Structure formats: C-alpha cells, structure tokens
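Student: coords please:
(chains A and B)
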Amino acid sequence: MGVAIRDIIADYKAPVTWEALPGTAVIDANNALYQFLTIIRQPDGTPLMDRNGRVTSHLSGILFRLSSFMEKGIKPVFVFDGKPTALKQATIDERRKIRDTAGEKWKEAVERGDEAEAYKQARSSTRVDTAIIETSKELLGLMGIPVVQAPGEGEAQASYMVAKGDARYVVSQDYDCLLFGTPVLVRNLTVSGKRKIRGRQITVSPERLVLSDTLGGLHLTREQLIEIGILIGTDFNEGVQGVGAKTALKIVQKGEFVQKLAEKQPGFDPAPVMDMFLHPPVTDDYALAAGHPDPEGIRKMLCDGYDFSVERVDRAMEGFTVKAGQKTLESWF
Amino acid sequence: MLKATIDADIFKEAIDAISALIPECRLHTDDDGISTRAVDTANVAMIGLSLKKEAFDSYKASKSQLGIDISKMKNIFGMAGKGDLISLEMADNAQKMSVSVHGYNYSITLLDTNTIRKDPNPPTINLPGKIVIKGEDLNNALKAAAVISDKIALGINPKDQTFYLVAEGDTDHIRRDFSKDELVSLTPAEARSLFSLDYLKDMGKVMSKAAEVEIFLGIDHPVRFSFDIAGGNGHVEYLLAPRIEAD
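Tutor: Residues are numbered from 1 along each chain as shown, chains lettered A, B, ... in the order given. Okay, here's the model as predicted:
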C-alpha cells in the first residue's frame, strides 16, 4: 500500500478545514473506492449489498461522500488506474495473496462468531474489481463528475494534473503521490469522520501535505525523496530489509544511497523505479468540465437497480443536482 | 420525412443555443419548420427554439419527431466553415439521418424519442418587468460577474429607470447599472431575482450574438430571455429558475 514514509513527514502534515478545500480536486479513484469498500461495511464485515448480493458499498460512498464534498464547493474529478506497469507485478501478486488469505480467515471468524476479527479480515479481503470500477464510472457519469482514464498509475496522472495547474490537489491516502510530484496532497478526505482503526473508534479529519514544505523541511530534493522510497520499498520495488523511513532518510541525507543499495541489493538497478516516479506515463487528453447531473438516471440506477432508498438518494442529490438555494422550474409549471 | 439544406452558421447557431442547456433533445418537424422545447436534467432551465422554413435554403418535411444527440451534432458541425451548406435527409420512420457537411457524409443514428424526457408544457408566468438590451452588453455584464461570483441578481429600479446586475463573491462585489438610454427599451416594474451564473454564462454566450434580447423579470421569479436567431427566421426562449436570496 504505497510508500511508508509516514514517520519522516509527520511534521509536515497539517490539519485542513473544509473551508480551505473548494476547487478542483483530483481523486485517486482506485484508492477512494478501496477506502469506501473497506469502511462502508456492516458490523460483521459484510459489505453493503443489494438483494441480489451485489456489493454497493462503493456506490454508497460515491453518492453520499461526494454529494457532501460538492456541497462544500469541492469539484471532484476521478482518475482511474490504467494498465499496471510490469514493475508493479510483484506488488499485485502479493496483495492478491493477502486478500485471499484474509477472505478465508473472514469466513472462519464469521463461523466462530468473532465479530471484531471478522470485520478486520473482511476489510483486508477487499478488492476493487472490474464490476466495482464499471459501476462506479456509471454512477460518476450520471452525477456529472468528470472521469479521467490514466495511461498508467492513477496517482501519477492525478499528480501531473495538479502540477500542471489544472487542479488544486490530489486526494489519496497514499504518500506515493508526493513521489509522483503532486504539489499538494490531501489525505483522509474520503474517510473523514468516525472511523474504526485496529478496533478503536477514532475521529479522522482531513490533512494536507505540501510537497515544497516537506522537501524544504527535510532538506531533500524530490529525487532524494524517491531514493528514500526506493530504500524502504515502493509499489515498484522491494525495499532493503531492515531499513525504515528514518534510517532511509539518514542514508540519503549522507549521500549513501547508491552505496547502500549496491551493498544490500547487488544487481538491483534503481533507475527504472526512479524514472517511473519522475516520468510516469501520463496523458493530456482529459476534460474537467463537470456535466449536468441526471437525477432521474441516478434514481433509476441506485433505487431500481440496487435497492437504495429513494428518500436517502433524493436527499443526497440535493447536495449537487441543484446548488443550495436553487429553485427548480417545477414550482411554476 | 425530412430533406433540407441550410447555411452551416445558421444551423450551428441553433444547435449551440440548445447545447447550452441540454445534451440531447426531441426535434419536431413539420411543414413550417423545426422546433424543440426541453428542460435540463436538473429542472432548472428550459429552452424553446423554433427555426422557420425560411431559415433554410431548401426545406421539405412531414410532421415527425427526431431524437437528436445535440453534443454529437455540435462536434460534427465544428468543422463546417463560413458559407458551407449542411444538408439533412431522412426517410419516413427511418432510424438514421444523413448529414452532409463540407464534403463529409455522415449517417447519424437517431436517439429513440421514448428515451428523451417528455416536452414540458410552456409555463405561464407573470413577469411584470421587461428590458430590451443588446445581446453583447448582456453577455459582457454576465461574464464580468462570473469572475467574482457564481450567482447574480438581476433587477429593475423603477425610480431610477435602470436595469441592474449585482454579484456578490466571497470577498468581492460587482454592480452594473444600465440607464434607460443604454438599453433599447425598459418597461419598469419592481423586480429582482437571483440566478446561478453557471447557467447564465452558457446562455449569455449564445445571446451575445443577438442584436436584441428581451428580458422578463419578476420578484424571486424565473427570468425569461427571448431573442431571434437566423436573421429573424428563428426564435429562442430561455427560462431559468431563480435561487433563493440568502439573508
């Protein structure tokens, strides 16, 4: 799950209020959907489902979360992952293994009646599959939210769009976006509110990371931040065993990156990974203009198709179909 | 049945007027010309458009309804140049329409009219204030306001005999008063309503090409814009619901 540089950048994370967030926000779609799927669950870990057993947690997240974003003046844009690079294959295989094991443990826990364990394992077994992505895109389209298809990593594309000035910040939980060069990363937006972490109930609020402040504070260049990432491990390479963020920071600050890597992982060439972060495949082929939402279409999809309550859907739609205070012509027909 | 040719600029103007509000529409054809009436998906704005047969170079049609993908049309006609002719041809009950422009021959599949929202009834709304203004002046005022806010109040001050536009941003403020001599005409009445600039901006772009736009206003009521297109051989009406003024 991204790069574990949390320990060294904790000082540069600043809480951010909703008032400071209006504007175009590029949302790392796969990350957000994953968050929705893990958080929006019943107490025993079962995701929300319609009567046919189809998962609806992500649709619920998109509708209810985003309508509250939009009400607050945030203009969301979703960026979906394209083809994973060959570099990431090991990570993907590893994640699949974890998910499969968790899936079995979840079943066992449910049988035992161990609710806490079931919830934990269910979350770990979460996967964002094609059906989840397709239905998400369908709903986003109906809501008039622009969708961008990244040629490669969604985080890379999102970071590029912010760096280019087309959007204000990237929304993701993963710090990778900083390595990809987003000037501003906002975390916890998709998950803000009361949340259960390792069994404890805590309140999560949005936080902001500014790349230039982080690099300036740590006396690093972006390349050096990527070097730290490479040492502790990224989605594209396995890190050096026993090296965490703090040790990696020291190594890089002392200029011993090449030496250390050669010593610990002889034969590993970090150049392709460095290049992946500095020059990832991105596209300029995207449109950010929000479309008109289609309330009838949303009702049809969610209420008729997935058993959502009409009342709740209608209430959520007030957040974006018509701006607060906007009357409709209905009163005059 | 439809068989018609029309100047590309004139048809583009009509398509642009529709696309400012809706991505697809039901087009009615008959002996006298074509027309459409539609509300946007959020039920906030309505367009009524008619293009008389005199707007066409040649025109023959029977009474029929066509489901048109307006966004697609807009893209197709994007490549038409000045003086180009567009020809439209469709047989009775056909699912496709032939469109020729600038040497390109398209066969466009029509939308099933059952999937398009029913035509709204023309509402009867009493709007006492009336302003007639140059389309360009109106559009410029809307554009200026859009810089600082997403909503704008349109009103008439009957005492000063002025038409005004006021927009309030989070930090900024803009006001433009049009005196009677800056307008084509003014029928004063107490009027003020607040509107979303998201809609007005798109409408303004279309109206900027009209020599004169009639604006009908009331107090916290919808606004109606009425103007000619196609050199007087076509007509557009926009209706836009107000926003509630916050205290």
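Student: Can you name the residues of chain B that neighbour chain A?
Tutor: Contacts of chain B with chain A, taken as C-beta under 8 Å from any C-beta of the partner chain, map to B:22-23, B:39-46, B:117, B:120-121, B:123, B:125, B:150, B:194, B:196, B:198, B:221-222, B:239, B:241-246. (Each C-beta comes from the backbone N, C-alpha and C, glycine too.)
Student: State the distance from B:Thr187 to B:Gln161.
Tutor: B:Thr187 sits 10 Å away from B:Gln161, going by C-beta to C-beta, to the nearest Å.
Student: which residues of chain A fall in strands?
Tutor: Assigned strands in chain A, in chain order: A:13-15, A:23-28, A:74-80, A:147-149, A:169-171, A:184-187, A:193-197, A:200-204, A:207-210, A:233-234, A:237-238 (criterion: DSSP state E).
Student: Those: which one's closest to A:Pro47?
Tutor: strand A:193-197 (14.8 Å; C-beta to C-beta).
Student: Buried residues, the lowest-mean-pLDDT helix or strand in chain B. List them.
Tutor: Sorting the helices and strands of chain B by mean pLDDT, DSSP states H and E puts helix B:70-77 at the bottom, at a mean of 89. Across helix B:70-77, burial judged by 16 or more other C-beta atoms under 10 Å in any protein chain shown covers B:70, B:72-73, B:76-77.
Student: Can you pull out the low-pLDDT segments for the stretch 101-250 of chain A?
Tutor: Within the stretch 101-250 of chain A, the ranges that satisfy pLDDT under 70 run A:123, A:125, A:191-199.
Student: Now it against chain B: closest residue?
Tutor: Taking C-beta to the nearest C-beta, chain B has its nearest neighbour within the stretch 101-250 of chain A at A:Gly144, 8.6 Å off.
Student: Could you pull up the residues touching that residue?
Tutor: By C-beta atoms under 8 Å, 6 or more residues apart in numbering or on different chains, the residues touching A:Gly144 are A:290-294, A:320.
Student: Recalculate using a threshold of 7 Å.
Tutor: A:290-293 (C-beta atoms under 7 Å, 6 or more residues apart in numbering or on different chains).
Student: circling back: please tabulate the strands of chain A in a markdown table and include mean neighbour count and distance to A:Asp129 as additional columns.
Tutor: Output for the strands of chain A, formatted as a markdown table (neighbours: other C-beta atoms under 10 Å in any protein chain shown; distance: least, C-beta to C-beta, whole Å):
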| stretch | mean neighbour count | distance to A:Asp129 |
| --- | --- | --- |
| strand A:13-15 | 13 | 32 |
| strand A:23-28 | 24 | 17 |
| strand A:74-80 | 24 | 13 |
| strand A:147-149 | 18 | 17 |
| strand A:169-171 | 29 | 22 |
| strand A:184-187 | 24 | 25 |
| strand A:193-197 | 11 | 24 |
| strand A:200-204 | 10 | 26 |
| strand A:207-210 | 19 | 29 |
| strand A:233-234 | 22 | 24 |
| strand A:237-238 | 18 | 26 |
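Student: Rebuild those strands as JSON lines, extending it with distance to A:Lys105.
Tutor: Output for those, formatted as JSON lines (distance: least, C-beta to C-beta, whole Å):
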{"stretch": "strand A:13-15", "distance to A:Lys105": "32"}
{"stretch": "strand A:23-28", "distance to A:Lys105": "28"}
{"stretch": "strand A:74-80", "distance to A:Lys105": "30"}
{"stretch": "strand A:147-149", "distance to A:Lys105": "35"}
{"stretch": "strand A:169-171", "distance to A:Lys105": "31"}
{"stretch": "strand A:184-187", "distance to A:Lys105": "28"}
{"stretch": "strand A:193-197", "distance to A:Lys105": "18"}
{"stretch": "strand A:200-204", "distance to A:Lys105": "20"}
{"stretch": "strand A:207-210", "distance to A:Lys105": "31"}
{"stretch": "strand A:233-234", "distance to A:Lys105": "24"}
{"stretch": "strand A:237-238", "distance to A:Lys105": "25"}
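Student: Break chain A down into its structural domains.
Tutor: Domain assignment of chain A by automatic domain parsing yields the ranges A:1-218, A:219-279.
Student: List the contacts of the closest residue to B:Ser62 other than its chain neighbours.
Tutor: Spatial nearest neighbour of B:Ser62, chain neighbours left out: B:Met1 (4.6 Å); criterion: C-beta to C-beta, 6 or more residues apart in numbering or on different chains. Residues near B:Met1 by C-beta under 7 Å, 6+ apart: B:61-62, B:90-92.
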